[in-house]
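Peer 1: give me coordinates for this.
(one chain, ligands or ions: 3)
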Amino acid sequence: SKRSADDLRSPICCILGHVDTGKTKLLDCIRRTNVQVGEAGGITQQIGATYFPMENIRERTKELKSDANLRVPGLLVIDTPGHESFTNLRSRGSGLCDIAILVIDIMHGLEPQTIESINLLKMRHTPFIVALNKVDRLYGWKNCPDAPIRNALKQQSREVNNEFETRLSQIITQLKEQGLNSELYYRNKEIRKYVSIVPTSAITGEGIPDLLMLLVQLTQKMMEEKLMYISEVQCTVLEVKVIEGLGTTIDVVLVNGVLHEGDQIVVCGMQGPIVTNIRALLTPHPMKELRVKFSFSFLIVTFYRCAQITSKPAITWHINEVGMRTLITLDIVVSICWPLAA
Ligand code: GTP
Ligand code: MG
Ligand code: NA
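Peer 2: Ligands and ions are numbered 1, 2, ... in the order given. Have a look, this model is predicted:
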């Protein structure tokens, strides 16, 4: 299908927060998967990426009966580890996203990697919302599976509501100490100045509709221009690896533009630019997570359709980050733009 200038691309959203606040579990809840249970020690050790098509978001938010015009085609969500030893991955995740979800455990408040994440987001001027997770752990919480949070709170006793308000206001104070104004999202009248807080449970699903709706609305309101579909290719390499049967591949997030099999691209290598051709393009299934494990070497493959594949533009291959982790100097964050002669 032909894309026009009012078409928006899918926003890229990164999930950040202290270890065990429920980042992966929140994604599991949205995907209706069970990735977290399979993790060694329940600890995320790599970046994961999942594409949520708008049909799914519409389905999960229908109870909110919002008349919002959902214009983006979907949402690409990047999961990151919260363990203190993975600052590099949090930095990469936050570096390639348009918006972020900062997950805070309502029972714990701000923790060391919460603060580290806030500083990363501030440094990159990334807008974000707070998921105040694990509300089901408030004493006496009555489960309202997958309900919008206001409906769920109405079902709770006065005691539960009191504990909720007390913890919420403590966390608003802690955020204030980090220089952030914040407010419960449906009380927030100034979305550009106050960070919106969405109470959630990744186990029973309360607040998930609100979280999804808010993400989409905020990206549409605050960054329409940034999400404008353009034909210039913008792409970030997450991982380079050799796959048996495919050869050298790179996992990329295609942020904008169009790529074709056969296109010539330039990627940033240790010894300088690598000019090569795209042999095949593969896109992972929506709602399935693709885990990126950080190995190495070179060429194109896996592909998130944040942008769509249509007519052939003059290619600008825009690389923010190549390779991952470990000793190899590809780890350096590079920002390069090589226009290729048509
Ligand atoms: P790392 O990726 O290792 O930083 O952790 P994480 O933030 O992804 O947290 P994870 O999803 O691994 O969840 C940590 C633990 O908290 C698991 O035992 C989850 O079952 C539990 N948990 C997550 N979300 C909730 C929630 O909303 N309510 C309750 N009761 N438990 C939760
Ligand atoms: Mg995790
Ligand atoms: Na965990």
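
Peer 1: any low-confidence regions in the chain?
Peer 2: 1-6, 229-232, 238-243, 268-274, 283-286, 290-342 (pLDDT under 70).

Peer 1: so where do the helices sit in it?
Peer 2: Secondary structure of the chain by DSSP state H: the helices cover 23-31, 54-61, 87-95, 112-123, 149-154, 158-177, 208-222, 224-227.

Peer 1: helices or strands next to the second one in the packing?
Peer 2: This means helix 54-61. If contacts are counted by 3 or more C-beta pairs under 8 Å, 6 or more residues apart in numbering; DSSP states H and E, helix 54-61 sits against strand 74-79, helix 208-222. In short, each C-beta sits where N, CA and C put it, glycine included.

Peer 1: quick revisit: with respect to ligand 3, which of the helices of the chain lies nearest?
Peer 2: helix 23-31 (6.2 Å; C-beta to the ion).

Peer 1: packing partners for that closest one?
Peer 2: strand 12-17, strand 47-53, strand 74-79, strand 99-105, helix 208-222.

Peer 1: partner strands of the third one, parallel or antiparallel?
Peer 2: In the sheet, strand 74-79 lines up against strand 12-17 (parallel), strand 47-53 (antiparallel) (DSSP bridges).

Peer 1: most neighbours per residue, which of these?
Peer 2: Ranked by mean neighbour count under mean count of other C-beta atoms under 10 Å, the strands paired with strand 74-79 are led by strand 12-17, which reaches a mean of 27.

Peer 1: with adjacent residues omitted, what lies nearest to Val130?
Peer 2: Ile197 (4.5 Å; C-beta to C-beta, 6 or more residues apart in numbering).

Peer 1: what are the phi and psi values for Thr33?
Peer 2: Torsion angles at Thr33 (phi, psi; degrees, to the nearest 10) stand at phi -120, psi -180.

Peer 1: how close does the nearest residue to it once chain neighbours are set aside get to Ala152?
Peer 2: Take Thr33 and drop its neighbours on the chain: the residue closest to it by C-beta to C-beta, 6+ apart is Glu289, 7.0 Å away. Glu289 sits 27 Å away from Ala152, going by C-beta to C-beta, to the nearest Å.

Peer 1: now swap in Val233 and tell me
Peer 2: Distance of Val233 to Ala152, given as C-beta to C-beta: 43 Å.

Peer 1: cool, Met213 as well?
Peer 2: From Met213 to Ala152 the distance is 15 Å (C-beta to C-beta).

Peer 1: save the helices and strands packed on helix 23-31 as CSV, and put in distance to Gly179 too.
Peer 2: Formatted as CSV, the helices and strands packed on helix 23-31 follow (distance: least, C-beta to C-beta, whole Å):
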stretch, distance to Gly179
strand 12-17, 17
strand 47-53, 27
strand 74-79, 25
strand 99-105, 14
helix 208-222, 19
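
Peer 1: Met213 and Ala152: which is more packed in?
Peer 2: Ala152 (26 against 23; other C-beta atoms under 10 Å).

Peer 1: was I right to think that one contacts Gly207?
Peer 2: Yes - using C-beta atoms under 8 Å, Ala152 is in contact with Gly207, at 7.1 Å.

Peer 1: so what sits against both of these two?
Peer 2: Taking C-beta atoms under 8 Å, 6 or more residues apart in numbering as the contact rule, Ala152 and Gly207 both touch Val135.

Peer 1: which bits of the chain sit near ligand 2?
Peer 2: Residues of the chain lying near ligand 2 by C-beta under 5 Å from the ion: 23-24, 44.

Peer 1: a markdown table please, covering those and showing distance to ligand 1 and neighbour count.
Peer 2: Below are those laid out as a markdown table (distance: C-beta to the nearest ligand atom, whole Å; neighbours: other C-beta atoms under 10 Å):
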| residue | distance to ligand 1 | neighbour count |
| --- | --- | --- |
| Lys23 | 4 | 28 |
| Thr24 | 3 | 28 |
| Thr44 | 3 | 24 |
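
Peer 1: where's the residue in the stretch 201-342 of the chain that ligand 3 sits nearest to relative to Phe86, distance?
Peer 2: Ranked by C-beta to the ion, the top residue of the stretch 201-342 of the chain for proximity to ligand 3 is Ala202, at 11.0 Å. Computed as C-beta to C-beta, the Ala202 to Phe86 distance reads 20 Å.
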